[in-house]
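> what follows is a predicted protein model with its sequence.
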Amino acid sequence: MVGKNCFAIASDRRLGVQLQTIATDFQRIYRIHDKLREERDLKPETFASLVSAILYEKRFGPYFCQPVIAGLGDDDKPFICTMDSIGAKELAKDFVVAGTASESLYGACEAMFKLFVTHITII
């Protein structure tokens, strides 16, 4: 979810296969700037294009994941997008959801985002 010069990420830490829980401390959120070899920052738009190209390259044997990429671009403008398993980007201006419960999360996020925006504009 994005706001003025900021973004927020919510995630669970459960790793499972269907109804079986394998671990409850699985890390899902990664910071890319600590892992870069060239010691310079990437714009989130550039990183999204890189991930999209990597996923599309494996389209005939895809990685079964739905990455969400969020970050602050030029002038602290928030950027957020998600992709399907073959790298098709879905850009959004307010929020994105991904995962097995994404259909049910859309309603909750729309309600929370409208409440959040209304509350901020009143204050």
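Received, thanks.
> can you give me the strands in this protein?
Here the chain has its strands, by DSSP state E, at 2-3, 6-7, 15-17, 20-23, 68-72, 78-83, 89-92.
> pick the most deeply packed of the ones you listed.
Mean neighbour count, computed with mean count of other Cβ atoms under 10 Å, is highest for strand 78-83 among the strands of the chain, reaching a mean of 21. For glycine as for every other residue, the C-beta is placed from the backbone atoms N, C-alpha and C.
> and that one, what does it pack against?
Strand 78-83 sits against strand 2-3, strand 6-7, helix 44-57, strand 68-72, strand 89-92, with contacts defined as 3 or more Cβ pairs under 8 Å, 6 or more residues apart in numbering; DSSP states H and E.
> so which elements touch the second one?
Strand 6-7 is packed against strand 68-72, strand 78-83, with contacts defined by 3+ Cβ pairs under 8 Å, 6+ apart.
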